[in-house]
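S.K.: What would the 3D arrangement of this be:
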Amino acid sequence: MLLLVGLGNPGPRHAPTRHNVGFRVVERFAARHRIALDEAACGGRLGRGRMGSLGPELAILEPLAFMNLSGDSVAAALRLLAVADPARDLLVVLDDVDLPFGRLRLRASGGAGGHRGLAHIQECLGRRDQRRLRFGVGRPAPGQETADYVLQPFSREEEQQLPARLEHACDALEAALRGDFEAAMGRFNRDPDAEPRPDNPE
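M.R.: Numbers count the residues shown, from 1 in each chain. Below you'll find the predicted structure:
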């Protein structure tokens, strides 16, 4: 059983904010694979299904405690679902202010990087080897508090670009969950907007 977790804050007020992009990614992924997040369990919304008829069994979780208490829900889901190896079978999706808008970064382990949701997961699980997909939300303006910035909605221009960026994130999740995680890192951690440089004329 694989467990995919999107991080965010509960309620409609938080839905359009940058901090909730983890929810938006896993909701798009669930819709792509026709997995309904219709089970109230583990302090969150849970859905179960497969990635295709022959794909691996998959559960998708949105913890509904506030962001900095996400770990309790994840720990409960790991127990309920009897996930064999959290280092291999758990993948967490979260926002990242250190990445430009829409950039992705897959990582197999490491610190929380200041993200309170991931930090609480690591505290509750007593380990830092959670696979994660970070989705860039851009840096706050000089002098603006990071906490205020991530609780603001995306700009109008970003919202227009967001559907394509969410689809790209779903592609990254499919690659990471189906096969070689290292290969997925090499493919999706690159800048999708970078154009190949033309050959210099002789």
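S.K.: Point out where this protein drops to low pLDDT.
M.R.: 193-202 (pLDDT under 70).
S.K.: All the strands of it, residue numbers only.
M.R.: 2-6, 39-41, 44-50, 57-63, 90-96, 104-107, 131-136 (DSSP state E).
S.K.: Can you check which of these gets nearest to Glu182?
M.R.: Within those, the stretch nearest Glu182 is strand 104-107; the backing value is 9.3 Å (CB to CB). All C-beta spots, glycine's among them, are computed from the backbone N, C-alpha and C.
S.K.: For the chain, give the helix that spans the most residues.
M.R.: helix 156-178 (DSSP state H).
S.K.: what helices or strands is that one leaning on?
M.R.: Contact here means 3 or more CB pairs under 8 Å, 6 or more residues apart in numbering; DSSP states H and E; on that basis helix 156-178 packs against strand 2-6, helix 21-32, strand 90-96, strand 104-107, strand 131-136, helix 181-188.
S.K.: Outside of that helix itself, list whatever touches it.
M.R.: Residues from elsewhere that reach helix 156-178 (CB atoms under 8 Å, 6 or more residues apart in numbering): 2, 4, 16, 24-25, 28-29, 32, 51, 55-56, 58, 91, 93, 101-102, 104, 106, 131, 133, 135, 138, 153-154, 183-185, 187-188, 192.
S.K.: Over to stretch 41-51?
M.R.: 30, 33-40, 56-65, 72-74, 76-77, 80, 174, 177-178.
S.K.: And for Val21, the neighbour number?
M.R.: Counted by other CB atoms under 10 Å, the residues lying close to Val21 total 29.
S.K.: Would you confirm that Gly6 contacts Glu27?
M.R.: Yes. In this structure Gly6 lies within contact range of Glu27 using CB atoms under 8 Å: 7.2 Å.
S.K.: Mind exporting the C-alpha coordinates of stretch 115-130 to PDB?
M.R.: This file holds the C-alpha atoms of stretch 115-130, laid out as PDB (Å, rounded to 0.1, in the frame of the first residue of the first chain):
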ATOM      1  CA  HIS A 115       8.100  23.800   6.800                       C
ATOM      2  CA  ARG A 116       6.000  23.200  10.000                       C
ATOM      3  CA  GLY A 117       3.800  20.600   8.500                       C
ATOM      4  CA  LEU A 118       6.700  18.400   7.400                       C
ATOM      5  CA  ALA A 119       8.500  19.100  10.700                       C
ATOM      6  CA  HIS A 120       5.500  17.800  12.700                       C
ATOM      7  CA  ILE A 121       5.300  14.700  10.500                       C
ATOM      8  CA  GLN A 122       9.000  14.000  11.200                       C
ATOM      9  CA  GLU A 123       8.500  14.600  14.900                       C
ATOM     10  CA  CYS A 124       5.500  12.200  15.100                       C
ATOM     11  CA  LEU A 125       7.200   9.500  13.000                       C
ATOM     12  CA  GLY A 126      10.700   9.900  14.600                       C
ATOM     13  CA  ARG A 127      12.400   9.800  11.200                       C
ATOM     14  CA  ARG A 128      13.400  12.200   8.400                       C
ATOM     15  CA  ASP A 129      13.300   9.700   5.400                       C
ATOM     16  CA  GLN A 130       9.900  10.600   4.100                       C
END
